[in-house]
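Trainee: Just the structure for this:
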Amino acid sequence: MNPEDFINGALAVVVETPHGRVRRRLYLSLKAAENAARRARDAGHSATVLLVELNTVGEVAPAFKLEVA
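Mentor: Numbers count the residues shown, from 1 in each chain. Below you'll find the model as predicted:
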């Protein structure tokens, strides 16, 4: 399994609220991103769907090892 294969083609939805707050969310399908943007617009916010490129720069090691009994 190559984890990078699961993030190729990611989409970001950028939402600006009427109060100037900006929210950013990542989605892995166009349908999910478009639905999120539609919901934001229905709530009166400005929303944009962007195709983004994510680049792997490293892998974070777990801070502790979880042991299952």
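Trainee: okay, CA-based contacts and neighbour counts for the rest of this
Mentor: Will do.
Trainee: what's the distance between stretch 35-44 and the middle of its chain?
Mentor: The chain centre lies 15 Å from the centre of stretch 35-44; the measure is CA atoms, centre = their mean, to the nearest Å.
Trainee: so how many other residues sit close to residue 65?
Mentor: By the measure other CA atoms under 10 Å, the count of residues near residue 65 is 7.
Trainee: Give me the pLDDT value at it.
Mentor: Residue 65 is assigned 72 on the pLDDT scale.
Trainee: again, but for residue 31
Mentor: pLDDT, residue 31: 93.
Trainee: Tell me the first helix or strand C-terminal of the helix or strand hosting it.
Mentor: Per DSSP states H and E: residue 31 is located in helix 30-42. Toward the C-terminus, helix 30-42 is succeeded by strand 46-51 as the next helix or strand (DSSP H and E).
Trainee: how about that next one: buried residues?
Mentor: 46-49 (16 or more other CA atoms under 10 Å).
Trainee: so where's this structure shaky on pLDDT?
Mentor: Low-confidence segments of the chain (pLDDT under 70): 66, 69.
Trainee: How about the most centrally placed residue in the chain, nearest residue that isn't a chain neighbour?
Mentor: Nearest residue to the geometric centre of the chain (CA atoms, centre = their mean): residue 26, 0.9 Å. Nearest residue to residue 26, sequence neighbours excluded (CA to CA, 6 or more residues apart in numbering): residue 12, at 4.5 Å.
Trainee: count of residues packed around that neighbour?
Mentor: 22.
Trainee: Ok, residue 15 next?
Mentor: Residue 15: 21 neighbours (other CA under 10 Å).
Trainee: Starting from whichever helix or strand it is part of, tell me which strands it pairs with and how they run.
Mentor: Per DSSP H and E: residue 15 is located in strand 11-16. Strand 11-16 has its sheet partners listed here by DSSP bridges as strand 22-27 (antiparallel), strand 46-51 (antiparallel).
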